[in-house]
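Colleague: Here is a sequence with its predicted model. Questions after.
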Amino acid sequence: MKKLSFPIVLVILCGTVIAQPYVPILPTDKEPDIISKAANTVPSPRQLRWQELELTAFFHFGINTFTNREWGDGKEDISVFNPARLDARQWVRTAKEAGIKQIILTAKHHDGFCLWPSKYTEHTIRNTPYKDGHGDIVKEVAEACKEYAMGFGVYLSPWDRNSAVYGDSARYNQLFMNWLTELLTNYGKVDEVWFDGANGEGPNGKKQVYAFEAWYHLIRKLQPQAVIAIMGPDVRWVGTESGDGRLTEWSVMPVDANTQANIAANSQKDDTFAPLGNMMSSDLGSREKLLTAKALIWYPAETDVSIRPGWFYHPADDAKVMSPSRLMDLYFSSVGRNSVLLLNIPPNKDGLISDADISSLRGWKKNRDATFGTNLAAGATITSNNGRNTAHLLDGKTSTCWTTTGQDTTATLDFTLAGTKTFDVLLLQEDIRIGQRVEKWTLESEDGGQWKTITEGTTIGYKRLLRFPPVTTTRLRLRILSSRLNPTLAEFGLYKILE
Ligand code: FUL
């Protein structure tokens, strides 16, 4: 078994099977060359589709739901698994009604229990009372996603506390390939494959060495459109489980910071939700980090967080479901910070999403619709000192943009609103099809002939949302103070929070 190391990751990323946006840095490259390469690194089509989803959901469901645990040890008596009223359509409909675009089901968590009747283990739904052993929850969820036109993804835990061959690396890796093959061939289109980084010891006391490269090739072969997340090359863990993205969030990273070994070494190790490790570092992609890189990759952040204190359903948490206003905070701190939100909504023992969760999700959606329904910048007259196509800022399309002419990396945009408006939210979006470039900006408003700073920031990326005390004005000025190359802006918005 090959030990996964940095050169292997490079091979994977450069390989033809995995056409990853990947830009090598040459020994002769100077700082301006590297920064220009970073500014021209772009998402793959699968990463772009994923980023534009904005909102995705996890369904953590399994034996833990019935044993009231977070991490099962794989020794559970699976005859307790019988979600009598299970309705996967209710799960998916609940997510859809909240504006969520894709879901990920825990097909197998660390306890090794498979929610599908796998041929390769006895620790499966086939040996439970659920539908007298004829149930297949992966199938039920996949079909519901198809019916509601939702993306479908699978969480398959590499760590397995049940398998007797875990730790016997070659045999377990083959078993894992068999599981992946079942999941990726029997349930239609799969849009995301989510690998957690936890890696305990096997029953033989040996540490399992995962065959990531073989798994990635299999996924690319069977489901080429699927993004591979966390312990994978397409989507990165944001570094917290609290719902907080970084204020400065670059999607272009130096490859050195992202070897799988590094990610694994810094993943969760115990039964807490305390985020650990490098992925938590406040700076992953600044100029300084890029300068020592061997290569650059597009590697965007996903923010996973649970609507309840635990990842699995626990009756005692029914009163602790996040409120609509807390969910709104999450929206600003994840989607609003250049990240995709992966919100966990755990179904209960009946096999249903509980009323408390449904009610919070409805309230959140209502507030989002009310707040973001009207762009108060609509109808504004926009001029820029050295750019073109300002009309693109308000055309509602993320694929068209304003940009500067020549070599300019700074610019000023002046807005005269269609009347006096009061707002407390700013939306900025770059055109990430071209790259992520803006490093520093400030928004000012005119107040009695004086220009005052309302808010300011660093990165924008796919989407940046900022809240501030309400401002009433007709004239605004957005100053882009620093950018890695000609800045682009796809959308500009002003909103008033309505909760
Ligand atoms: C973690 C796991 O250990 C948790 O149980 C949960 O599945 C979370 C999303 O990822 O690493």
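Modeller: Arrived safely. Numbering: from 1, shown residues only.
Colleague: only C-alpha atoms for contact and neighbour calcs from this point on.
Modeller: Will do.
Colleague: Does W250 touch S286 like I think?
Modeller: Yes: counting by CA atoms under 8 Å, W250 touches S286, with 7.5 Å between them.
Colleague: ok, those two, which is more surrounded?
Modeller: Legend: neighbour count by other CA atoms under 10 Å for W250 and S286, higher for W250 (26 against 17).
Colleague: State the three-state secondary structure for that one.
Modeller: coil (DSSP: H, G, I helix; E, B strand; the rest coil).
Colleague: please renumber so the chain begins at 46
Modeller: Shifting the count to begin at 46 puts that one at W295.
Colleague: list the contacts for it?
Modeller: 329-331, 345, 383, 481, 504, 506 (CA atoms under 8 Å, 6 or more residues apart in numbering).
Colleague: repeat for F111
Modeller: F111 neighbours (CA under 8 Å, 6+ apart): 125-126, 394.
Colleague: rerun that using 10 Å as the cut-off
Modeller: Going by CA atoms under 10 Å, 6 or more residues apart in numbering, F111 touches 121, 123-128, 357-359, 393-395.
Colleague: returning to what we had before: out of the contacts of W295, which one sits closest to the ligand?
Modeller: Top of the list for closeness to the ligand, among the contacts of W295 and by CA to the nearest ligand atom, is P345 at 17.1 Å.
Colleague: Wait, that closest one touches G277, no?
Modeller: No: using CA atoms under 10 Å, P345 is not in contact with G277, being 11.5 Å away.
Colleague: can you give me the mean pLDDT across the helix or strand where R371 lies?
Modeller: Per DSSP states H and E: R371 is located in helix 369-378. Average pLDDT, helix 369-378: 98.
Colleague: What of stretch 264-284?
Modeller: For stretch 264-284, the per-residue pLDDT values average out at 93.
Colleague: show me where pLDDT drops low in the stretch 296-445 of the chain?
Modeller: Scanning the stretch 296-445 of the chain for pLDDT under 70 picks out the ranges 301-323.
Colleague: quick one: the strands in it?
Modeller: Assignment of strands within the stretch 296-445 of the chain using DSSP state E, counting those that start in this stretch yields the ranges 297-299, 340-343, 346-351, 384-389, 426-429, 432-433.
Colleague: could you redo those as JSON lines and give each row mean neighbour count and distance to the ligand?
Modeller: Converted to JSON lines, those look like this (neighbours: other CA atoms under 10 Å; distance: least, CA to the nearest ligand atom, whole Å):
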{"stretch": "strand 297-299", "mean neighbour count": "26", "distance to the ligand": "22"}
{"stretch": "strand 340-343", "mean neighbour count": "24", "distance to the ligand": "22"}
{"stretch": "strand 346-351", "mean neighbour count": "26", "distance to the ligand": "7"}
{"stretch": "strand 384-389", "mean neighbour count": "27", "distance to the ligand": "8"}
{"stretch": "strand 426-429", "mean neighbour count": "17", "distance to the ligand": "43"}
{"stretch": "strand 432-433", "mean neighbour count": "17", "distance to the ligand": "43"}
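Colleague: I'd say K184 and K234 touch.
Modeller: No: K184 is beyond contact range of K234, at 11.6 Å (criterion: CA under 10 Å).
Colleague: can you list residues touching both of the two?
Modeller: 190, 228.
Colleague: just to revisit the earlier point, for PyMOL, write the selection for the buried entries among the contacts of F111.
Modeller: Filtering those down to the buried ones (16 or more other CA atoms under 10 Å) takes a single PyMOL command:
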select buried, resi 121+123+126+127+128+357+358+359+393+394
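Colleague: ok, and which of the contacts of F111 reach the ligand?
Modeller: With CA under 6 Å from any ligand atom as the criterion, the contacts of F111 include none near the ligand.
Colleague: rewinding a little: give the residues shared as contacts by W295 and S331.
Modeller: Common contacts of W295 and S331, defined by CA under 10 Å, 6+ apart, comprise E484.
Colleague: one step back: could you dump the strands of the stretch 296-445 of the chain into TSV and include distance to Y540?
Modeller: Formatted as TSV, the strands of the stretch 296-445 of the chain follow (distance: least, CA to CA, whole Å):
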stretch	distance to Y540
strand 297-299	29
strand 340-343	30
strand 346-351	24
strand 384-389	20
strand 426-429	17
strand 432-433	25
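Colleague: in the stretch 196-345 of the chain, which spans are helices?
Modeller: Shown for the stretch 196-345 of the chain, the helices assigned by DSSP state H, counting those that start in this stretch span residues 214-230, 257-267, 305-310, 332-336.
Colleague: Centroid-nearest residue for this structure?
Modeller: When CA atoms, centre = their mean is applied to the chain, the residue found nearest the centroid is E347 (2.3 Å).
Colleague: For the closest residue to that residue other than its chain neighbours, give me its contacts.
Modeller: Residue nearest to E347 in three dimensions, not counting chain neighbours: V385, with 4.9 Å by CA to CA, 6 or more residues apart in numbering. Neighbour list for V385: 95-101, 280, 283, 290, 345-349, 376, 379, 507-508 [criterion: CA under 10 Å, 6+ apart].
Colleague: Now the buried members of those.
Modeller: Judged by 16+ other CA under 10 Å, buried ones among these: 95-96, 98-101, 280, 283, 290, 345-349, 376, 379, 507-508.
Colleague: Where does D78 sit: helix, strand or coil?
Modeller: From three-state DSSP, the assignment for D78 is helix.
Colleague: and it, how many neighbours does it have?
Modeller: Burial of D78 is recorded as 14 neighbouring residues (other CA under 10 Å).
Colleague: try L71
Modeller: For L71, the neighbour count with other CA under 10 Å is 12.
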